[in-house]
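Engineer: Next input, structure requested:
(chains A, B and C)
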Amino acid sequence: MTKIQLFLRLNRIKNFSDTLFHRIFVQDMKMENETVSKILDNLNPEQCRAVENYDHTALIIAGAGSGKTRVLTHRIAYMIEQGVPVRSILALTFTNKAAREMRERVDALIGERSRYLWLGTFHSIFAKILRFEGKALGYADNFTIYDQEQSRTLIGKIIKEMNLSDETYKPRDVQSRISLAKNNLITSAAYEANASLVGQDREQRRPHIFEIYKRYDARCRAANAMDFDDLLVNVNILFRDFPEVLAKYRDRFKYMLVDEYQDTNYAQYLILRRLASGEGGSRLCVVGDDAQSIYSFRGAKVENILLFRNDFPDARLYKLERNYRSTQTIVNAANSVIDNNKHKIGKQSYSENDFGEKIAVLRAYTDSEEAQMVASAIRTSVRSAGIGWDKVAVLYRTNAQSRALEEALRRNNIPYRIYGGRSFYDHKEIRDMLAYIRLIVNPKDDEAFLRIVNYPARGIGDVTQGRLRTLATEHGVSIWEALASLTPESPEWKTLGAKVKEFVALISEISLSRTDKSLYEFGLMVATRSGILNALTLAGPDGADAKANVEELLNSMQEFTKEKSQLPAEEGEPTEPTIEEWLQNVALLTDMDKESDGAARVTLMTVHASKGLEFDTVFIVGLEEQLFPSLKSMGDEAQLEEERRLFYVALTRAERQATLSFAQTRYKWGNTEFCRPSRFLKELDQRYLDIRFDPDEDNEENPLERLRRQHSENSRSSEGGYGARRYGGASGSRYGGYQPKQAAKPQPERPRPITPANPASLRKIGSPSGSAAAAAVPLDAPKVGDRVIHAKFGPGNVVEVEPLATDLKVTVEFDNPSAGKKTLLNKFAKLQRL
DNA sequence: CGGCCCCGCGTTTTT
DNA sequence: CGCGGGGCCG
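Structural biologist: Numbering: from 1, shown residues only, chains lettered A, B, ... in the order given. The predicted model follows:
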């Protein structure tokens, strides 16, 4: 402690002479006297060096919680104070959230000058560059950005049009194949010529992928659209084929800073290298941690950080190894797991904080019990530590795990917020709204046209749509362009039905009005004139959530206008945002970016989504083999190591307290599966664990017995009346059902009991046969030849029994000929022996 | 042409 | 279990 203080002091003295000149200089620039010292204050010696030496290429290896954002933001602030023009700095992050946080922190250090800083995600910055420069590549500046959903839909359509089976060519797989190629800058032509890729496809019996890729590219281009990967690919092509454009940006961005460098893929890496190489290339400063590389599945290359100094031999290396975030217990425990990885840079993360509490390990029989235990533990923690709900996070490997947790939290009246999973922008009504706007902004976007030409229903069906497409093909333009080019005199116009003409008039009307309206007014017009708002109103209660979502979208337009006027992207740029800008911004947003309403809530998210965040108390759930580590990583050492890094990321989110849990059975696809505890639990140095169950306790209880008991427990708990509604809240946003505490007063609104007035909640709860079956004997293990009765199909004979992992498959020949022979799962069939 | 019903499939992780 | 797509009927 004292050593470090001394070190700091010496360092400060050394710095002083270096910075004296700048202080005087800076004071001349009307800076607050204290600012310089403030920026170098509160940095440890290594951090300080990384900030001061901003004029050198730098590789900063920053362990979890070691203050990497701090270094980045201080480096930016310091540079600006040293007189580096704001416009010559480019800072890149992976997520909007990280970008926003960085901007806030830079802003806090140097004030409003930060507003002209180019700071954003790779994708948003590159989209911006392409908006300015895309012409060179044949794109108009109003190009559409397809998110993965839209791109997958288009790929699916192409597969169908090519008469390929979507069994062998699953759009999802084809998309990931194309994405992989694009990440590595392999064009469709190059793909076709690439023996290795084509060979792999052959082996998988999918030899036509390159052709799908070709057509997909052609379609995107014709629609003036780019997918996420294209944003990177096209900037590469731009910089490769147009040296003058590259020179322009290289001259402009004298300094580049990159966050989470370990997650860059080849395309991103090459763009950075292009800008940073050569005489007068940008000074590149990258920050990352190989131990937190968790995105190789989407093309990230850890090698980029491992080999950075080969690419930039004069780079200075800084290692930030002290973790300021977590207790020693957490840091040491995390290290003990990551030590099992062979593939890593030597870096010793350490903490000088308290030892803190041990890491609790909980065992549950079922996933729902696990959720309940976590909910109770959250209550206990929050109460004993006196912290707010928002200091707690529950992290899981897959989004699917959130459901059980949500239910438990709601049941325990714990406020929560879920990130990820189905995002706001995935809702149909939002996509519909966006499709209208996309079509108006970009008339080449046929996908948008086809999506909304008959929504809300206006009598323009498949046949008519087919004719319109033919019309467009004949003219060699998009559908809307073809329609818009027709005059009332042209013979083709006369062949159109009245309904199509009305649609043309509608879109023209909205389109014409956009110049003299604010963003919000325009959005409102789209919502009303399209008929979307009306259709949702007519849908009654079913449409209420959707309607609220549309309203929220409109609000976000106002919000965007407000932000934009505070934050012009460029000096001299108009502050009134255009619809194009809004649309491109929205295309790059995710659920993570929705701002919270300020209420303190427990955070639920995947481990991936939690990277870069920190919480006082963290629960990591579902620590089971084949879940975490995931089934798909098993058997592949590299992927297993990535899972281990993922676990490392999860554990190092915790500042003070971490709890790990696993269940012994888990519902999967409507089936109960048995699980074994994760290997990561065994790899953890046991000294740091507080195991809250008896490991010697008999684990080998008769599985059937346990299953039966769980089953009755489950049906009992589901009778509590918490219906299947997952998302409360009118907006459809995923805020948890939370009642402000009202002492012991009854809560009239929720949870809703099942009453006959609410028949929907009765759906599928409990046995359909009800008490009528009580007379018969429950049948646990049916045998061939048994005479049984089924609630719906009546009596019959068991003709076949096949044991499954966790259940029995029973085939019954029913007496009733209309029921015939049926194969049933014993667990659900509720057969009774006669 | 639209609405309804049934079937089949999905679970890694995300800009 | 829940959603989306496809098929069938009105």
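
Engineer: Please count neighbours and contacts with C-alpha atoms only from this point.
Structural biologist: OK.

Engineer: how about A:T603, phi and psi?
Structural biologist: When read as degrees, to the nearest 10, the backbone of A:T603 gives phi -100, psi 130.

Engineer: so how far is A:D616 from it?
Structural biologist: 12 Å (CA to CA, to the nearest Å).

Engineer: Same question for A:V784.
Structural biologist: 57 Å.

Engineer: For those two, indicate the residue with more neighbours.
Structural biologist: Using other CA atoms under 10 Å as the criterion, A:V784 and A:D616 rank with A:D616 on top: 19 against 14.

Engineer: Show me the common contact partners of A:T603 and A:D616, please.
Structural biologist: A:V392 (CA atoms under 8 Å, 6 or more residues apart in numbering).

Engineer: gap between the two ends of stretch A:231-249?
Structural biologist: Start-to-end span of stretch A:231-249 (CA to CA) is 16 Å.

Engineer: Name the residues of that stretch that come out as buried.
Structural biologist: Buried residues in stretch A:231-249, counted by 16 or more other CA atoms under 10 Å: A:231-236, A:238-239, A:246-247, A:249.

Engineer: in which helix or strand would I find the residue of the stretch 151-300 of chain A at minimum distance from DNA strand C?
Structural biologist: In the stretch 151-300 of chain A, the residue that lies nearest DNA strand C is A:T153 (7.2 Å; CA to the nearest atom of the strand). Element membership of A:T153, judged by DSSP states H and E, is helix A:148-161.

Engineer: what's that helix packed up against?
Structural biologist: Under the contact criterion of 3 or more CA pairs under 8 Å, 6 or more residues apart in numbering; DSSP states H and E, helix A:148-161 touches helix A:171-183, helix A:209-222.

Engineer: Please see if the helix or strand following the last one touches DNA strand B.
Structural biologist: Put plainly, it is helix A:209-222. Next helix or strand after helix A:209-222 toward the C-terminus (DSSP H and E): strand A:225-227. No - using CA under 7 Å from any atom of the strand, we find that strand A:225-227 stays clear of DNA strand B, coming within 8.9 Å at best.

Engineer: just stretch A:535-542 next, same as before
Structural biologist: No - Stretch A:535-542 stays clear of DNA strand B (CA under 7 Å from any atom of the strand), getting no nearer than 9.7 Å.

Engineer: buried residues in that stretch?
Structural biologist: Buried-residue list, stretch A:535-542, by 16+ other CA under 10 Å: A:535-536.

Engineer: What segments of the stretch 251-400 of chain A are helices?
Structural biologist: Here the stretch 251-400 of chain A has its helices, by DSSP state H, counting those that start in this stretch, at A:266-276, A:303-306, A:308-311, A:328-338, A:367-385.

Engineer: Tell me the residues of the stretch 1-150 of chain A that contact DNA strand B?
Structural biologist: So the stretch 1-150 of chain A meets DNA strand B at A:94-96, A:121-124, A:147-148 (CA under 7 Å from any atom of the strand).

Engineer: how far away is the residue positioned nearest the centre of chain A from A:A546?
Structural biologist: Taking CA atoms, centre = their mean, the centroid of chain A lies closest to A:G420, which sits 5.1 Å from it. Remark: distance between A:G420 and A:A546 (CA to CA) = 19 Å.

Engineer: In this structure A:V441 contacts A:D141, no?
Structural biologist: No - the criterion here is CA atoms under 8 Å, and A:V441 misses it with A:D141 at 10.2 Å.

Engineer: about what we covered before: can you put the helices and strands packed on helix A:148-161 in a markdown table and add distance to A:I437, mean neighbour count and mean pLDDT?
Structural biologist: Listed next are the helices and strands packed on helix A:148-161 as a markdown table, based on distance: least, CA to CA, whole Å; neighbours: other CA atoms under 10 Å; pLDDT from 0 to 100:
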| stretch | distance to A:I437 | mean neighbour count | mean pLDDT |
| --- | --- | --- | --- |
| helix A:171-183 | 25 | 20 | 91 |
| helix A:209-222 | 18 | 20 | 93 |
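
Engineer: circling back to that earlier point, now do the same contact list for the residue nearest to the residue of the stretch 151-300 of chain A closest to DNA strand C when sequence neighbours are not counted.
Structural biologist: With sequence-adjacent residues excluded and distances taken as CA to CA, 6 or more residues apart in numbering, A:T153 is closest to A:P171, at 7.6 Å. A:P171 sits next to A:152-153, A:155-156, A:159 when contact means CA under 8 Å, 6+ apart.

Engineer: how far away is A:P171 from A:I158?
Structural biologist: Applying CA to CA to A:P171 and A:I158 gives a distance of 9 Å.

Engineer: same deal with A:H608?
Structural biologist: Using CA to CA, we find A:H608 at a distance of 32 Å from A:I158.

Engineer: any low-confidence regions in the stretch 51-200 of chain A?
Structural biologist: Across the stretch 51-200 of chain A, not a single residue meets the criterion (pLDDT under 70).

Engineer: where in the stretch 401-550 of chain A is pLDDT low?
Structural biologist: Ranges of the stretch 401-550 of chain A meeting pLDDT under 70: A:421-422.

Engineer: from what I can see A:T93 touches A:T121, true?
Structural biologist: Yes - proximity of A:T93 to A:T121 meets the contact threshold set by CA under 8 Å, at 4.6 Å.

Engineer: now A:I460, what's its secondary structure?
Structural biologist: Recorded secondary structure, A:I460: coil (DSSP: H, G, I helix; E, B strand; the rest coil).

Engineer: Can you name the residues that contact it?
Structural biologist: A:453-454, A:499-500.

Engineer: and the stretch 251-400 of chain A, which of its residues are near DNA strand B?
Structural biologist: Taking CA under 7 Å from any atom of the strand as the criterion, the stretch 251-400 of chain A approaches DNA strand B at residues A:295, A:297-298, A:397-400.

Engineer: the helices in the stretch 601-750 of chain A, which residues?
Structural biologist: Listed in chain order, the helices of the stretch 601-750 of chain A (DSSP H, counting those that start in this stretch) span A:607-610, A:637-651, A:679-683, A:703-718.

Engineer: Overlap of the contact sets of A:T93 and A:T121?
Structural biologist: Common contact partners of A:T93 and A:T121 (CA under 8 Å, 6+ apart): A:A99.

Engineer: neighbours of A:S351, just the number please.
Structural biologist: The burial count for A:S351: 20, using other CA under 10 Å.

Engineer: isn't it right up against A:V331?
Structural biologist: Yes - using CA under 8 Å, A:S351 is in contact with A:V331, at 6.5 Å.

Engineer: what is in contact with the two at once?
Structural biologist: With CA under 8 Å, 6+ apart as the test, A:S351 and A:V331 both reach A:N323.

Engineer: Quickly note the distance from the residue of the stretch 151-300 of chain A closest to DNA strand C to A:Y146.
Structural biologist: A:T153 is 10 Å from A:Y146, by CA to CA.

Engineer: Between these two, which is the more surrounded one?
Structural biologist: Neighbours were tallied for A:T153 and for A:Y146 using other CA under 10 Å; the higher tally belongs to A:Y146 (20 against 15).

Engineer: What residues does that one make contact with?
Structural biologist: Contact analysis of A:Y146 by CA under 8 Å, 6+ apart lists A:225-228, A:587.
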